[in-house]
Each structure stands twice: as C-alpha cells, then as structure tokens.
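# no sequence on this one, just coordinates:
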C-alpha cells in the first residue's frame, strides 16, 4: 500500500523530504504558504552569501595595492546589489519549483495548513477557498522567524531584523548590530566591507564555538574596522533626529556606553514558527524552544514529525534540516536511516571564516575525555600567503585512548570548505592515521589541515619541534 505523506513547509527540510519521499514511491503533498526554499534560500543563507561575495570583492579592491594593482573611484551601487541578490534567489527558487514539478507523485499545494486531527490538514489556499488533506503521516517543516529582543525601543522606525536588511536598496552609513551570534557577526562583517561603519554590541561572541576560536576572532573583527563591544547588552534604543541612539550596559561592570547609527539590526536569534498549526488541539507538545521530538524527530503524537528549525533540537542549519527530512522519510518508509546526526559542520561567513565540527575543547573537558590538540597557523601555509589571507588557525582535537578525531575548529580562509574533511573523519569515526596516510595536494589550504593532523603525533613537517628542557 502506497504511503501518503503531507509536508508542511517547502524550505530546505520540507522540499528535500518531499523529493526523498517521492524517490521512495510515496504519495506526497507539499504545502507552502510563501516561496519554495524557505528562509534559507529567500531570506537567509543564499542572500547573505550573495552579499558575502560582494563584500569579498570590496575587500579585494581595498587591498588591491598589495598585489600591485591600482584601482580608483570604485563604489558600490546598493540598488544593483539588491537586484543581483534577487536574481540569484529567483533563479534558485525557479530551479527548485521545476525540480519539484518533475516528480509526478509530488503535489504542490500553495496555502497555509492547520491540523484538524492527526491525519487531517485544512489548507487555506492562497488562490482562495479551503481544502482538506488526508495523510498517513505529516512532517512539520515550517522553519523559524527572526526574534526581537525585549529591549525598550525595538519598535522604532529603523530598528530592523535580518529579513528587513536584505530588502534595503542602499548601504547604511552607520549600522549598529545587536548580537554576537552567527547572524549578527555575518551581517556585521559583510556590511563593514560593503561600506558601512558597523558598531557591534555583543553579550558574547559565538557562544557555541570553541572558546579559543571565539577569542581569536574578536581582534580580527576589530582589525576589519568593526567597532566591537563584547560582554555588553543593549538596554534602550532612542530616536534622535533621523538617527538611532543605543544605550548599552556592560554585564560585569557598572558602566554604560551610547552609540549612534542610521539603523539598528537586532540579531538575537530565531524562534520556531508554530503559529496557526493548531498543535494544542491535537496534543503535539511544544514550547518557545520548538516542537518536542524524540531521536527519530517524531512528536508527542505518533505519525507526526517535526524537522529543522521548528523542532526542539535547536540546530538551526539548512543542511541539518535537509538531513533530518531524509531521516524521517526513511523511517516512515520502514527503513533504518544510515545518517550520522550526532555531529554536523557549522559555518560562519565572516570575512575571516569560522567553521567547526565535533566537540569543542570545553565540552571534552566537561566530559572528562583524555584528549590532545594540535594547531597549525595559516601564516605558515604557502597558499594562504599567496592569497594574502594569513589570519587564522586550524585546531584538531583527538582522543588519547583510541586516536579518534573528536573535533575540528577552523578560523581562516575558506574555513567553510575545509571543514568537510573534519566532518568526514568524525562522522565515520576515523582516527588520526586516516588523515596522515592521505596525500594532500600542494599548494593548497588543505595542507594546513594535514599539518595540524600530523602535529597530533608530533610529526608535522612545517611546525618547529618543541624545545626540550635542559636538565
């Protein structure tokens, strides 16, 4: 008997789940009340990385003289920037729409779904009217929304979210960013290069990162030109003419500062999008952290699953949502998924990129793990020197018990591409020797990873040996 699966949300979790289910010969109803691709494609990953490329080009122009190139009178057109972003997004949205349409067993329903019971959805169709949809299983993939802080004055004109800033057709002269997480740091780093003077107010920098990496990143943000304040919280936002004044207070000392800007970007995280689903009525438990799920992403009502940003796992990453979608579909179809969901790569697109996978040093200490670490600086890597991008480090953590790689943390050029060697190693339970026996091409940034791995056994070629103490 053919399984009938309804999926609410066509973001990176929902549309991937739909395609996977179609490939496994299920009958699929995919419901979406906005654009396909969700937050990631339309208001997150893709738009910001499109702007990131512009920021990279501006940074290259700024330092062109270091490469013997003279460039004069260049400027950025904010409207052209917006148009290019929209073109990239529209191209990808169209591609995904066509991909979904290529599967005869996926029915795409534009509308907003709500639960009538565990197997019945009522959809308010965007074209008008309603429709009831029956399904054997339902996957909730509604994603998240940008949260505002409770700071006084957040309702003032010019106080914006990450969604809002991506619709600006100009570059603010001064941009105040409130929040030191991934979203805040990416926008701060990007807009500083695009031409804004960015002021960053952060209670902490990348709270989930290895502390050494976060500590090394902070001076690089300042080096980029970002006016950076850490261990501080925004207390109040005030209108002052056509500007905004933010009053902020340090957490550990009785001291306040005031900063003035054209816009204030609130980057305090994202909340699960559950409004209108009628979860209370059908007994699906949820909180402000998301929909409660077990290890198979099944909710408190059997047969209903929640994946991605909307569930209580708290991993707000597009690639994790996609993987969870595949996992759930395989489970529904009676298969045992062969996917490692214990570890995943996390990437930050600041101008000096940050990426990590596996455990941090702080987590290993808390677990009581016997481990060792090795670090290799990009300043000693030939390709990094050629690129003129020598800031940063690769740090690898390995077990002293069985030599397995436990964590990889990268701060530096193309960190978000390099991290996947670490992800492959950790997801497949590889040990240090698996890296050591693999020839890495020269001259590449990957050699820095190789050297860091060799350093775990004090066998690195391009790290000076530790000095032996004289007796």
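Structure's in. What do you need? These numbers come from a predicted model, not from an experiment.
# domain ranges for this structure?
4-146+271-332, 159-268, 352-455 (automatic domain parsing).
# Which one, of these, ends up nearest to residue 463?
Judged by C-beta to C-beta, the one of these that comes nearest to residue 463 is domain 352-455, at 5.4 Å. Backbone N, C-alpha and C define where each C-beta goes, glycine included.
# now for that closest one, what's the gap between its first and last residues?
Taking C-alpha to C-alpha, to the nearest Å, the first and last residues of domain 352-455 lie 23 Å apart.
# and if you look at stretch 264-279?
Length of stretch 264-279, first residue to last, C-alpha to C-alpha: 34 Å.
# buried ones in that stretch?
Judged by neighbour count (16 or more other C-beta atoms under 10 Å), stretch 264-279 contains these buried residues: 264-268, 270-274, 277-279.
# again with stretch 178-185
The neighbour-count check on stretch 178-185 (16+ other C-beta under 10 Å) flags 178, 179, 180, 181, 182, 183, 184, 185 as buried.
# out of the residues you listed, which are inside helices?
Judged by DSSP state H, the buried residues of stretch 178-185 include 182, 183, 184, 185 as members of helices.
# Show me which of these is closest to residue 237.
Out of these, the member with the shortest distance to residue 237 (by C-beta to C-beta) is residue 184, at 15.5 Å.
# isn't the closest one right up against residue 178?
Yes: counting by C-beta atoms under 8 Å, residue 178 is a contact partner of residue 184 at 7.0 Å.
# between these two, what contacts are shared?
Among the neighbours of residue 184, those also in contact with residue 178 (C-beta atoms under 8 Å, 6 or more residues apart in numbering) are 265, 267, 268.
# Inside strands: which ones of the residues you listed?
Assignment to strands by DSSP state E places the following of the shared contacts of residue 184 and residue 178 there: residue 265.
# Show me which of the shared contacts of residue 184 and residue 178 is closest to residue 199.
Distances from residue 199 to the shared contacts of residue 184 and residue 178, taken by C-beta to C-beta, are shortest for residue 265, at 10.2 Å.
# I'd say the closest one and residue 160 touch.
Yes: Residue 265 lies in contact with residue 160 (C-beta under 8 Å); the separation is 5.6 Å.
# quick one, what contacts the spatially closest residue to residue 11 that is not a sequence neighbour?
Nearest residue to residue 11 in three dimensions, chain neighbours excluded: residue 38, at 2.1 Å (C-beta to C-beta, 6 or more residues apart in numbering). Counting by C-beta under 8 Å, 6+ apart, residue 38 makes contact with 9, 10, 11, 12, 13, 14, 15, 141, 143, 318.
# could those be laid out in TSV, adding neighbour count?
TSV is the format used below for the contacts of residue 38 (neighbours: other C-beta atoms under 10 Å):
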residue	neighbour count
9	32
10	29
11	32
12	31
13	34
14	28
15	27
141	33
143	27
318	22
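# possible to save those residues as JSON lines with pLDDT, distance to residue 252 and secondary structure?
Shown next, in JSON lines, are the contacts of residue 38 (pLDDT from 0 to 100; distance: C-beta to C-beta, whole Å; DSSP: H, G, I helix; E, B strand; the rest coil):
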{"residue": "9", "pLDDT": "97", "distance to residue 252": "41", "secondary structure": "coil"}
{"residue": "10", "pLDDT": "97", "distance to residue 252": "45", "secondary structure": "coil"}
{"residue": "11", "pLDDT": "96", "distance to residue 252": "39", "secondary structure": "coil"}
{"residue": "12", "pLDDT": "96", "distance to residue 252": "39", "secondary structure": "coil"}
{"residue": "13", "pLDDT": "97", "distance to residue 252": "39", "secondary structure": "coil"}
{"residue": "14", "pLDDT": "98", "distance to residue 252": "43", "secondary structure": "helix"}
{"residue": "15", "pLDDT": "98", "distance to residue 252": "45", "secondary structure": "helix"}
{"residue": "141", "pLDDT": "98", "distance to residue 252": "41", "secondary structure": "coil"}
{"residue": "143", "pLDDT": "96", "distance to residue 252": "35", "secondary structure": "coil"}
{"residue": "318", "pLDDT": "96", "distance to residue 252": "35", "secondary structure": "helix"}
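# I'd like the residues you listed laid out as CSV, including distance to residue 374.
Listed next are the contacts of residue 38 as CSV, based on distance: C-beta to C-beta, whole Å:
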residue, distance to residue 374
9, 42
10, 43
11, 38
12, 34
13, 36
14, 41
15, 40
141, 40
143, 38
318, 31
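# And these, which is closest to residue 71?
residue 318 (35.1 Å).
# where does the stretch 351-471 of the chain dip in pLDDT?
Within the stretch 351-471 of the chain, the segments meeting pLDDT under 70 span 467-471.
# can you give me the helices for it?
361-367, 382-387, 415-427, 432-436, 446-455 (DSSP state H, counting those that start in this stretch).
# nearest to residue 342, of those?
helix 415-427 (8.1 Å).
# Now stretch 297-315: buried residues?
Judged by neighbour count (16+ other C-beta under 10 Å), stretch 297-315 contains these buried residues: 297-299, 301, 304-313.
# and of those, the nearest to residue 155?
Distance to residue 155, by C-beta to C-beta, is smallest for residue 309 among the buried residues of stretch 297-315, at 24.5 Å.
# Okay, the nearest residue to that closest one once chain neighbours are set aside and residue 427: tell me how far apart.
Setting aside the residues directly before and after it, residue 309 is nearest to residue 144 in space (C-beta to C-beta, 6+ apart), at 3.7 Å. From residue 144 across to residue 427, the span is 25 Å (C-beta to C-beta, to the nearest Å).
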